[in-house]
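S.K.: dropping the sequence and predicted coords here.
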Amino acid sequence: MSHFRYCLPEVAGRGAGLGNEMIPWARAFLAAQLLGARALAPAFGLNRRRYWRHFGSSRLDWLGHRALKAALPVVAFTESDYLRHGGGDVVSALRGFAREQSLMTRKAFVLSTGGMWGGMQHIEAARGHMASLLYQSRFAAGNLLRLRERLDPGRLTVGLHVRQGDFEPARDPAAYRGQFNVALPLAWYRRVAASIHQQLEGAVQFLIVSDARPEQLQDLSRGLPCVFSGDLPDSDCSDLLALAEADLLVCSISSYSVWAAFLSRAPYLWYGPNLHEHPEGFLSIWGHEPGQEAEPGGTFRALQACQGVGRLPRRCFAIADDGQVTAQALDLAWQLKGRAETDLIRYGVIPAASGREAG
């Protein structure tokens, strides 16, 4: 009877941007796997960004969601439920919630979940699935192939997500702390790109993904080897994947960039003035979120414990308003960049093993 069980990501109003919608979508997917239910996509039919075209859903999907909720019992899984059942990995919290609501024995229900709470770590188990949804979307493959033809595989690719559009305009650096959906200064992107270009002496290219007008990006790109995606139609999904595939990512302070960093395994740069500084000696985006406190099991306590073990690996580098990028970030990007010459399965070669390695 699993076809009478549904997991539905709630859409607020007429819908939000792709990064916002993907968080409850991922949560609903994981709930469906746990409960033997059918996971539904968000109701994209009313979204002005027309995401229904990308994911093959109906323009009337919102009517279907409304009908399901009218016909079947609705069980809402909220942030308070998540925290009450331990927080952390959402699958563990959902398991406790399912026991509480007897969902495993109920034949028919709609589990609904909405909101951007929980952070990316709580939906880690859905990372691969969400990437596959993006890759299989209608326009992604063709756009990614076109971008691939524009990029030089021998250079380090730095993805710059320059979000402008409906964001609040750039402001004084001191006013960015803890803020989201605010455009970063274009001059900061320029300083970051110039710092990278100078250190890598031409062995770099910049992939600029932006909703800004071309004339707004002229000063940023002047004198730099840049590739743009702005001319590609229907690039919402392909732009996100292209940023995730870059060797180094320069983020905007948006959920879209958060998803790009989440889907990527490469290092990324974050605007330093946006971060909270904590007395424990750490920086964070969401300093107020449960689980980051310096309590037993909290993020800060865990990091402090790791410091005594050895050097902490890191992917994220906070970059000050002066835009100076550390050599450590660039070295890591080069180390992680795959090169055909040293990859056996790509007709590459590796150094011969020493006697100890061979044994």
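M.R.: Sure thing, it's come through.
S.K.: you'd agree Gly96 is up against His85?
M.R.: Yes. Gly96 is in contact with His85 according to CB atoms under 8 Å; the separation is 3.7 Å. Where you see a C-beta, it was placed from the backbone N, CA and C, and this is true even at glycine.
S.K.: looking at the two, which one has more neighbours?
M.R.: Taking other CB atoms under 10 Å, Gly96 and His85 do not tie; His85 has more neighbours (19 against 14).
S.K.: pull the contacting residues for that one.
M.R.: His85 makes contacts with 92-97, 100, as judged by CB atoms under 8 Å, 6 or more residues apart in numbering.
S.K.: next: Gly86.
M.R.: Applying CB under 8 Å, 6+ apart, the residues near Gly86 are 92-93, 96.
S.K.: would you mark the buried spots in the helix or strand where Leu134 lies?
M.R.: Leu134 is part of helix 127-135, with elements assigned from DSSP states H and E. Across helix 127-135, burial judged by 16 or more other CB atoms under 10 Å covers 130-131, 133-134.
S.K.: so in the chain, where's the weakest helix or strand by average pLDDT?
M.R.: Within the chain, no helix or strand scores below helix 355-358, which has a mean of 48 by mean pLDDT, DSSP states H and E.
S.K.: picking that back up, save the buried residues of helix 127-135 as CSV, and put in distance to Arg38 too.
M.R.: Formatted as CSV, those follow (distance: CB to CB, whole Å):
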residue, distance to Arg38
Met130, 17
Ala131, 21
Leu133, 15
Leu134, 20
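S.K.: what's the separation between Ala352 and Asp343?
M.R.: In this structure, Ala352 and Asp343 are 16 Å apart, going by CB to CB, to the nearest Å.
S.K.: quick one: what helix or strand has Ala194 in it?
M.R.: Per DSSP H and E: helix 186-200 holds Ala194.
S.K.: actually Phe206, sorry about that
M.R.: Going by DSSP H and E, Phe206 is part of strand 204-210.
S.K.: from the contact counts, what lies against that strand?
M.R.: Packing partners of strand 204-210 (3 or more CB pairs under 8 Å, 6 or more residues apart in numbering; DSSP states H and E): strand 156-162, helix 186-200, helix 218-221, strand 226-228, helix 236-245.
S.K.: can you tell which of the ones you listed is closest to Ala318?
M.R.: helix 186-200 (11.9 Å; CB to CB).
S.K.: more neighbours, Ala352 and Asp343?
M.R.: Taking neighbours as other CB under 10 Å, Ala352 and Asp343 compare with Asp343 leading, 12 against 7.
S.K.: which residues are common contacts for Gly96 and His85?
M.R.: With CB under 8 Å, 6+ apart as the test, Gly96 and His85 reach no residue in common.
S.K.: now the contacts of His85: which count as buried?
M.R.: For those, buried by 16+ other CB under 10 Å: 93-95, 97.
S.K.: number of residues surrounding Gln218?
M.R.: 10.
S.K.: show me the domain layout of this structure.
M.R.: Domain segmentation of the chain under automatic domain parsing yields 2-134, 151-337.
S.K.: now do the shortest one: distance to the chain's middle.
M.R.: The chain centre lies 18 Å from the centre of domain 2-134; the measure is CA atoms, centre = their mean, to the nearest Å.
S.K.: re the thing from before, nearest to Glu277 among the helices and strands packed on strand 204-210 would be which one?
M.R.: helix 186-200 (18.6 Å).
S.K.: list of residues touching the closest one?
M.R.: By CB under 8 Å, 6+ apart, the list of residues contacting helix 186-200 reads 156, 158, 160, 162, 170, 204, 206, 216-217, 219-220, 224-225, 248, 250, 269, 271, 319, 321-325, 327, 330.
S.K.: helices of the stretch 1-150 of the chain, start to end?
M.R.: 18-35, 52-55, 61-71, 79-84, 90-101, 127-135, 140-150 (DSSP state H, counting those that start in this stretch).
S.K.: on that earlier part again, now the helices and strands packed on strand 204-210 as TSV including mean pLDDT?
M.R.: Putting these into TSV (pLDDT from 0 to 100) gives the following:
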stretch	mean pLDDT
strand 156-162	98
helix 186-200	97
helix 218-221	94
strand 226-228	97
helix 236-245	98
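S.K.: could these go into CSV alongside distance to Ala41?
M.R.: Listed next are those as CSV, based on distance: least, CB to CB, whole Å:
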stretch, distance to Ala41
strand 156-162, 24
helix 186-200, 33
helix 218-221, 35
strand 226-228, 30
helix 236-245, 13
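S.K.: of all these, which one is nearest Gly13?
M.R.: The nearest among those, by CB to CB, is helix 236-245 at 18.7 Å.
S.K.: what about that closest one, distance to the chain center?
M.R.: 10 Å.
S.K.: spatially central residue for this structure, please.
M.R.: By CA atoms, centre = their mean, the chain has its centre lying nearest to Trp259, at 0.9 Å.
S.K.: could you measure from the nearest residue to Trp25 once chain neighbours are set aside over to Ala76?
M.R.: Closest residue in space to Trp25, ignoring its immediate chain neighbours: Pro9 at 4.5 Å, by CB to CB, 6 or more residues apart in numbering. To Ala76, Pro9 is 12 Å away according to CB to CB.
S.K.: how close does Glu201 get to Pro225?
M.R.: On the measure of CB to CB, Glu201 and Pro225 end up 12 Å apart.
S.K.: which one's more surrounded, these two?
M.R.: Each of Glu201 and Pro225 has its neighbours counted (other CB under 10 Å); Pro225 has more, 14 against 7.
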